[in-house]
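>>> Take a look and give me a structure for this.
(one chain, ligands or ions: 1)
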Amino acid sequence: MAEKEFENKVALVTGGSRGIGAAIALRFAGSGAEVFVNHRKGAGSSKAKAEELQERVALMGGRLTAVASDISSRSAVKEMMETIGREAGRLDFLILNAARAPFKPIERLLERELRDLIQVNYMGNIFCVQEALPLLEESAGKIVFISSLGSRFFNPAYPLGSMKAAMEAVVRDLAESLRPRRVTVNAVSGGIVKTDSYKVLRQHMENLDQLPEHLVVEAEEIADVTAFLCSPAARGICGQTIVCDRGMSNALQRF
Ligand SMILES: NC(=O)c1ccc[n+]([C@@H]2O[C@H](COP(=O)([O-])OP(=O)(O)OC[C@H]3O[C@@H](n4cnc5c(N)ncnc54)[C@H](OP(=O)(O)O)[C@@H]3O)[C@@H](O)[C@H]2O)c1
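The predicted structure is shown next:
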């Protein structure tokens, strides 16, 4: 039997218990990688979803470990990387997928919401990179950040867009500064995907329901681009944000 693409590789998907992160976790596990998924809450539906994913991967004959850890806490991230180092002994792919933000205009953000926005979606991602770096350096690893069109386009209730823009700049900068350490950094910017967060977004974007079905991106499509960026076929791509939106952003007026 031919060896699977990511056999003997280890991946960490932050926010991988549900939505796009879960699709990425399944894609990597299906390609033979040992996968760690991180999620924020160690109880309730978050824990249940992570356990469900674990069972699905076990049925596929793969290995997935769920780690509840809040990426906005540097010590929690450090502990998570120590767990991966201890249990898997290596890390090849760091997929920065976790995100959390209120859907409201920037001018209406409360101070605590603003701090949370930056701590989870900017600092949290950088904590993950910093703490994963020793392991990634050893494996000539890849980092893929999951961005969104909010980094480039206005949405009245999407303060997360400004953090995505900041992180796309971080991706470019890290790609250059980590190149001598053999770590590759890129991003995937997704269009509209019908996950749990979509259900909330549609309450704030009245015309979202008019989006033609053919422009709705499947989580698996984002997962495929993420896997491609981690594959040897993408060896010439460095510091880029690849848009995966079925062409939605090509036209000024869509719906
Ligand atoms: N949905 C879209 O249309 C779309 C489009 C383009 C890009 N994206 C991006 O794709 C990524 C995933 O989106 P999604 O819609 O699948 O999200 P989602 O369904 O809201 O899931 C978010 C995941 O992130 C985790 N998370 C949140 N805060 C965290 C923290 N502080 N520490 C650790 N984990 C945390 C959540 O864990 P808990 O369950 O424990 O809270 C959950 O596993 C995000 O970066 C999002 O911006 C989404």
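
>>> which ones are touching the closest residue to L215 other than its chain neighbours?
Excluding its sequence neighbours, the residue lying closest to L215 (CB to CB, 6 or more residues apart in numbering) is M248, at 4.7 Å. C-beta coordinates here come from the backbone N, C-alpha and C atoms, glycine included. M248 sits next to L149, G191, I192, L211, L215, R254 when contact means CB atoms under 8 Å, 6 or more residues apart in numbering.

>>> swap in L96?
L96 neighbours (CB under 8 Å, 6+ apart): T14, N125, C128, V129, I143, V144, F145, I146, M167.

>>> same check, this time on V243
Residues near V243 by CB under 8 Å, 6+ apart: L149, S189, G191, S249.

>>> doesn't it fall inside a helix?
No. Counting by DSSP: H, G, I helix; E, B strand; the rest coil, V243 is not part of a helix but strand.

>>> Distance-wise, check it relative to the ligand.
Taking CB to the nearest ligand atom, to the nearest Å as the criterion, V243 is separated from the ligand by 10 Å.

>>> same check, this time on F28
15 Å.

>>> Spatially nearest residue to that residue (excluding sequence neighbours)?
The shortest distance from F28 to any non-neighbouring residue, by CB to CB, 6+ apart, is to A11 (4.5 Å).

>>> Please tell me the pLDDT value assigned to that neighbour.
Here, the pLDDT recorded for A11 equals 98.

>>> could you measure the residue nearest to the spatial centre of the chain against R235, distance?
With distances taken as CA atoms, centre = their mean, N97 lies nearest the centre of the chain, 1.6 Å away. Distance of N97 to R235, computed by CB to CB, to the nearest Å: 22 Å.

>>> And for D196?
34 Å.

>>> So for the two, which residue has more residues nearby?
D196 (11 against 8; other CB atoms under 10 Å).

>>> how about that one, what does it touch?
By CB under 8 Å, 6+ apart, D196 lies in contact with R18, G19.

>>> pLDDT weak spots in the stretch 151-255 of the chain?
253-255 (pLDDT under 70).

>>> In the stretch 1-150 of the chain, where is pLDDT below threshold?
For the stretch 1-150 of the chain (pLDDT under 70), the answer is 1-2.

>>> which residues does D70 contact?
Counting by CB under 8 Å, 6+ apart, D70 has contacts R40, A76, G124.

>>> To clarify, my last question referred to E113.
E113 touches P102, K104, counting by CB under 8 Å, 6+ apart.

>>> distance of it from the ligand?
In terms of CB to the nearest ligand atom, E113 sits 13 Å off from the ligand.

>>> again, but for G191
From G191 to the ligand the distance is 6 Å (CB to the nearest ligand atom).

>>> residues from the stretch 51-200 of the chain in reach of the ligand?
70-72, 97-100, 120, 124, 146, 148, 160, 190, 192-193, 195-198 (CB under 6 Å from any ligand atom).

>>> Out of the contacts of L96, flag the one nearest to the ligand.
I146 (4.3 Å; CB to the nearest ligand atom).

>>> The closest one - how many residues pack around it?
Neighbour number of I146 under other CB under 10 Å is 27.

>>> hmm, back to that, among the contacts of L96, which are located in strands?
Among the contacts of L96, DSSP state E puts I143, V144, F145, I146 in strands.

>>> okay but Y198 is in contact with I192, surely?
Yes. When contacts are counted by CB atoms under 8 Å, Y198 is listed as touching I192 (6.8 Å).

>>> who's more crowded, the two?
I192 (19 against 14).

>>> residues contacting the more buried one?
Y198, L208, L211, L215, V216, V217, D245, M248.
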